[in-house]
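K.L.:
Next come a sequence and a model predicted from it.
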Amino acid sequence: MERDVPLIDPARRPGRGAASCRAGRFERHARVAVEDGWDIAEETPVLRTVVTEEATRRAITRNASPDIPFDRSLNPYRGCEHGCVYCFARPTHAYLGLSPGLDFETRLVARPGIATALERELSRPSYRPATIALGTATDPYQPVERDRGHTRACLAVLDRFAHPVGVVTRGTVVERDIDILARLAARGLVRVGISLTTLDAGLARRMEPRAPAPARRLAMIRRLSEAGVPVRVMVSPVVPGLTDPELESILAAARQAGAVAASWVMLRLPREVSELWRDWLAEHYPDRAGRVMARLREMHGGRDYASDWGRRMRGEGPYAALVAQRFALACRREGLAEALPELRTDLFAPPPGSGDPAQPSLF
């Protein structure tokens, strides 16, 4: 991909992570704004969030990746307004013919029929329960969920079916659903992962511009924990040269807030994310850009990122090993588990009358 794609004026992208609308890998042409030569002032409006909808035929996405601890996931939205510049899911927007850059955080897609599709799939006689990961690609509790409610509708279905679910989020809207989450937790059917990348509010605002501040995320951990919901703090991603010195402090703060487990993932830069990340470094931390990228390339055989299974999440080499050792020591010191017991599947039972209304029960 070309490196000379012009960046969009910061005045037009307040509170956004990406700095450009770099074309996705499937596009034949890049589109850039140019001066037309006319001496006429033209308005250049601030980029606003636009939400469209798609028909949802299937709710559950299956995967067979050997280094991911779940085989099914659920995502009520495509794109994410939190705008985390490093988000590994940004390349998925290229499948929609949209930019993994600013389009990913400003042109969202909601899936209003996803709860109905989920109920239909869980009701099939051939279905066998296993933990569903909710929010693996984009945050299920990003701001749009406050009005749309598709995540809550899915949780309500899982609650009625007594189906296990693992939630991953950094959005405060999760607190709205503590009633359902607490019911699920009382039966051993849920755990929530809260992503906490840094305790530095300034760095967080630049790197994750529309996500809650670090102190607010700690408050989320506390509220969920007090309601009996087991919470894992996810130090994800660890950014070499920027957030890595905070690893122990993050784990200590999360444990004090009530977290019972922890995990970590090294910064990943798949496909278009690499260019977007380098643009962001050059804009916000030009003095550290060389060191950050050198560390990443050390862990990925000289490349910005290597997608090999078993190594892509944490990299290889002395630096990756050092972070892993620090994490393990800090978890032991804080009493944080790296693994939690499996969620229950034995309670799963489709309620009477569930499923396709066109196929009613014979009894």
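P.N.:
Received the coordinates, thanks.
K.L.:
So what touches the longest strand along the chain?
P.N.:
Looking across the chain with DSSP state E, the single longest strand is strand 231-238. For strand 231-238, contacts defined as C-beta atoms under 8 Å, 6 or more residues apart in numbering pick out 86, 168, 191-197, 221, 224-225, 243-244, 247, 250-251, 254-255, 258-268, 323, 327, 336, 340. For every residue, glycine as well, the C-beta is placed using N, CA and C.
K.L.:
and those residues, which are buried?
P.N.:
86, 168, 191-197, 221, 224-225, 243-244, 247, 250-251, 254-255, 258-268, 323, 327, 336 (16 or more other C-beta atoms under 10 Å).
K.L.:
among those, which are in strands?
P.N.:
168, 191-195, 261-266.
K.L.:
Including pLDDT and distance to Gly310, could these go into a markdown table?
P.N.:
Output for those, formatted as a markdown table (pLDDT from 0 to 100; distance: C-beta to C-beta, whole Å):
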| residue | pLDDT | distance to Gly310 |
| --- | --- | --- |
| Val168 | 96 | 21 |
| Arg191 | 97 | 24 |
| Val192 | 98 | 26 |
| Gly193 | 97 | 21 |
| Ile194 | 98 | 26 |
| Ser195 | 97 | 22 |
| Ala261 | 98 | 22 |
| Ala262 | 98 | 21 |
| Ser263 | 96 | 16 |
| Trp264 | 96 | 16 |
| Val265 | 95 | 13 |
| Met266 | 96 | 13 |
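K.L.:
Can you tell me which of those is nearest Gly15?
P.N.:
Closest approach between those and Gly15, by C-beta to C-beta: Ser195, at 18.4 Å.
K.L.:
quick one: contacts for that closest one?
P.N.:
168-170, 217, 234, 236.
K.L.:
got it, and Leu74?
P.N.:
Taking C-beta under 8 Å, 6+ apart, one finds 59-61, 114, 118, 132-135, 140, 154, 165 in contact with Leu74.
K.L.:
mind checking how far it is from Cys84?
P.N.:
Going from Leu74 to Cys84 by C-beta to C-beta, to the nearest Å gives 20 Å.
K.L.:
now that we're looking at Ala213, which residues does it contact?
P.N.:
201, 204-205.
K.L.:
which helices and strands sit right next to the longest helix seen in the chain?
P.N.:
Counting residues, the longest helix in the chain under DSSP state H turns out to be helix 318-334. The contact analysis (3 or more C-beta pairs under 8 Å, 6 or more residues apart in numbering; DSSP states H and E) places helix 318-334 against helix 247-257, strand 261-266, helix 289-299.
K.L.:
what's the model's confidence in the last one, averaged?
P.N.:
pLDDT averaged over helix 289-299 equals 95, rounded to a whole number.
K.L.:
List the buried residues in that helix.
P.N.:
289, 292-293, 295-296, 298-299.
K.L.:
out of those, who's nearest Asp67?
P.N.:
Nearest member of these to Asp67, counting by C-beta to C-beta, is Met299, at 15.4 Å.
K.L.:
if we can go back for a sec, in TSV, list the ones in strands among the buried ones among the contacts of strand 231-238 along with distance to Val5.
P.N.:
Shown next, in TSV, are those (distance: C-beta to C-beta, whole Å):
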residue	distance to Val5
Val168	31
Arg191	41
Val192	38
Gly193	34
Ile194	34
Ser195	28
Ala261	41
Ala262	38
Ser263	34
Trp264	32
Val265	28
Met266	26
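K.L.:
Tell me which stretches of this structure form strands.
P.N.:
Going by DSSP E, the chain shows strands at 50-53, 60-62, 72-74, 77-78, 107-110, 132-134, 165-169, 190-195, 231-238, 261-266.
K.L.:
and those strands as JSON lines, adding distance to Val273?
P.N.:
Converted to JSON lines, the strands of the chain look like this (distance: least, C-beta to C-beta, whole Å):
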{"stretch": "strand 50-53", "distance to Val273": "22"}
{"stretch": "strand 60-62", "distance to Val273": "20"}
{"stretch": "strand 72-74", "distance to Val273": "19"}
{"stretch": "strand 77-78", "distance to Val273": "16"}
{"stretch": "strand 107-110", "distance to Val273": "17"}
{"stretch": "strand 132-134", "distance to Val273": "20"}
{"stretch": "strand 165-169", "distance to Val273": "18"}
{"stretch": "strand 190-195", "distance to Val273": "16"}
{"stretch": "strand 231-238", "distance to Val273": "11"}
{"stretch": "strand 261-266", "distance to Val273": "13"}
